[in-house]
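Asks: turn this into a model:
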Amino acid sequence: MHPLLSQLDSAEPLKDFSSAQLSEVADEIRDVLCNLLATRTAHFASNLGVVELCLALHSTFDFRTDRLIWDTGHQVYPHKLVTGRYKDFASIRTQGGLMGYPNPHESEYDLFMTGHAGCSVSTALGLKSGDDLMDRPNSKSVAVIGDGAFPSGIVFEALNNAGFLNKDLVVVLNDNKMSICPRVGAMAGYLDRLRGNPFYTGLKHEVVKALNHVPLFGDPAERWLAQMKEGVKAGLLGGMLFEELGIRYIGPIDGHDIPLMKKYLAMAKASEGPVLLHVVTEKGHGYKPAAEDPVFFHTPPAFRDEDGRPVANAGSGQPPYTVSMRDAILNVMEEDERVTVLTAAMCQGTKMEPVRERFPDRFFDVGICESHAVAFAAGQCKTGIRPIVNIYSTFLQRSYDQIFQEVALQDLPVVFTLDRAGLTGPDGPTHHGVYDIGYMRLFPNLAVMAPGYAGEVEPMLRFALQHEHSSSIRYPKTSAFDLQKIPEPIELGRSETIREGTDGTIVVFGALLESALAAAESLADRLSVGVVNARFAKPIDKAMVARTLADDRFVVTLEEGTTVAGFGSAFLEEANTQGLDTRKIKRLALPDVFVEHGERGDLLAQSGLHVEGIAQACQQWNSVTRVP
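Replies: Predicted coordinates for the structure are as follows:
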């Protein structure tokens, strides 16, 4: 079905392919991508947009010896298909199959797992520096970075260093006017002006000199000519932003014209010192619905194509926690004009589009700049604003220093809502949000919370916004549990008893409450097991800790986080502080390893965090704690 792709055991043969053959490979890659989306959700529009760029790169460089880093690695599907993984491609994003991101364990062509954005220029520069020190000076280093990731602060730190070191580094700026949502910020406007540049680097000096002598007269002709003059000068001189840093700017060029890209990649490859090649692409290119709606088709649900029209497979289940939090945020913003929301290029993922539309003056998308988002929120908070920082757990890690220095140390009541906390399924270890319990509960005065069911999401948010110190609320990427219960009032450091038990207690922090209740019910004919919804990991409910450890009862702590430094650790610490018998405590949490990709339910089961595993732990621990 794919005669050219199926023959590629490596990317090396692409160097001998004609332009027509490379175009055929591009068509085959797009067909494979469309077939994949008929079976499961996967990154789609971003991969469609880099097909020709990928082929041009691999037919110009030899990345078995040269170095290639794909920034925000969800765009590496074409790269995987041409580097010997076509036969296994159908397994991508399934347990035991290919990862949806670069994976050094899969191929020599993959150097880093790049699931977060912005680090490609730094790592590519480090690779080139290391190769030179190891006496491999002919090795070339290439970073491919999108315009959405480009404004990340670390990118400019790397460019600053690259210009100083003057290493042979090629930075390919893949400009498609998008991150996941349309890009934002002044850099977006700057790149738009560069895209309007009809000239190439060799004409810069002469054309700018001529433009400076163009007379302006008449209205509206004067306005039109002024706009044209400034637009062209911005384009021509725009590259000077990089050239003043010591980085040669080339472009912009058509990122879907393989022969043209090969020409300019060869030019960049032959250049001395760092080069930035500005490539213009279309996200979703080659599949009209994806090109017309690249936001939806970034990671669409599985669909089948019917004569060019995508038909999504039917979904099911309760609305996710993300929607519960979004609706809660809308409600509090309606009531309190001090409340703002900040996100980092994840408006679609966090379902915040209605918030952006309803409150455009109080919604701030700062782009892929999480550190700035937190410091910006701290500044707002100092003035009396009540900011909500709404960012995925795994991405908030990038702002750790700002959480410490600008928020917690200043004792500012910033609210952090951590989406995708816990296992994110097929996205794998770069995206699993499993460390936030540990990294958030370290700071004095920062309350760490998690709802156990849908009904307490909004009360928990309202509590956080009234709390006079900083706080975090974590919630997973899964359907919200409908407990059909009116929540008890949220009070600082107070848990909620859901089920009484005389033999032992499951103390749950977060969304595994549903599984805990099912496990307790399954044991009802053998053991009387209570279930407590902890609500707070910090401050933990001290009275609850003492109460659950009374007499001979066992306690099983349960969380969708790490064993190290998680809620179970907090429970142990408090029990130790009170001088209680910690031998009665069994902690159920994720192991101290990087959890691979797979369906969330399967991954939980592997760690014993499913109904059967919880019930088995209760039975075993009941037997252990009752032995004299």
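Asks: quick one: residues contacting residue 29.
Replies: 5, 51, 77-78, 81-82 (Cβ atoms under 8 Å, 6 or more residues apart in numbering). For every residue, glycine as well, the C-beta is placed using N, CA and C.
Asks: how about residue 33, phi and psi?
Replies: Main-chain dihedrals, residue 33, degrees, to the nearest 10: phi -60, psi -40.
Asks: before we move on, what about the one 10 residues further on?
Replies: The phi and psi torsions at residue 43 (degrees, to the nearest 10) take the values phi -70, psi 130.
Asks: how about residue 278?
Replies: The phi/psi pair for residue 278 (degrees, to the nearest 10) is phi -90, psi 110.
Asks: so what's it closest to, chain neighbours aside?
Replies: Of all residues not flanking residue 278 in the chain, residue 251 sits nearest, at 3.1 Å (Cβ to Cβ, 6 or more residues apart in numbering).
Asks: is it true that the one you found touches residue 265?
Replies: No: between residue 251 and residue 265 no contact is recorded; they are 11.2 Å apart, counting by Cβ atoms under 8 Å.
Asks: quick one, strands of the stretch 501-628 of the chain?
Replies: Assigned by DSSP state E, counting those that start in this stretch, the strands in the stretch 501-628 of the chain fall at 504-509, 529-533, 536-538, 554-562, 585-590.
Asks: likewise for the stretch 51-200 of the chain?
Replies: Secondary structure of the stretch 51-200 of the chain by DSSP E, counting those that start in this stretch: the strands cover 67-70, 141-146, 169-175.
Asks: for residue 251 and residue 265, list the residues in contact with both.
Replies: Shared contacts of residue 251 and residue 265 (Cβ under 8 Å, 6+ apart): residue 277.
Asks: break the protein into its domains for me.
Replies: When the chain is parsed with automatic domain parsing, its domains come out as 5-298, 321-474, 496-625.
Asks: can you list those in TSV and add distance to residue 481?
Replies: Below are the domains of the chain laid out as TSV (distance: least, Cβ to Cβ, whole Å):
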stretch	distance to residue 481
domain 5-298	22
domain 321-474	4
domain 496-625	4
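Asks: would you single out the least confident of these?
Replies: Mean pLDDT values for the domains of the chain show the minimum at domain 5-298, a mean of 83.
Asks: the closest residue to residue 259 other than its chain neighbours: how many residues sit nearby?
Replies: Counting by Cβ to Cβ, 6+ apart, residue 259 lies nearest to residue 19, which is 5.1 Å off, once chain neighbours are set aside. Residues near residue 19, counting by other Cβ atoms under 10 Å, number 12.
Asks: distance check, the closest residue to residue 501 other than its chain neighbours against residue 623.
Replies: Nearest non-adjacent residue to residue 501, counting by Cβ to Cβ, 6+ apart: residue 530, 3.0 Å away. As judged by Cβ to Cβ, to the nearest Å, residue 530 and residue 623 stand 18 Å apart.
Asks: about what we covered before: tell me which of the domains of the chain sits nearest to residue 305.
Replies: Minimum separation from residue 305 across those (Cβ to Cβ) falls at domain 5-298, 6.1 Å.
Asks: quick one: terminal-to-terminal distance for the closest one?
Replies: Here the two ends of domain 5-298 are set 24 Å apart, with distance taken as Cα to Cα, to the nearest Å.
Asks: chain center to that domain, what's the gap?
Replies: 19 Å (Cα atoms, centre = their mean, to the nearest Å).
Asks: how about stretch 454-473?
Replies: When distances are taken as Cα atoms, centre = their mean, stretch 454-473 is centred 24 Å away from the chain's centroid.
Asks: now do stretch 571-589
Replies: Chain-centre distance of stretch 571-589: 34 Å, with Cα atoms, centre = their mean.
Asks: residues in contact with it?
Replies: Contacts of stretch 571-589 (Cβ under 8 Å, 6+ apart): 507, 540, 542, 545-546, 549, 552-563, 566-569, 607-609, 613-614, 617, 620-621, 625.
Asks: select only the buried ones of these in ChimeraX?
Replies: To isolate the buried members of those in ChimeraX, using 16 or more other Cβ atoms under 10 Å:
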select :507,540,545,549,553,554,555,556,557,558,559,560,561,562,563,566,567,568,569,607,608,609,613,614,617,621,625
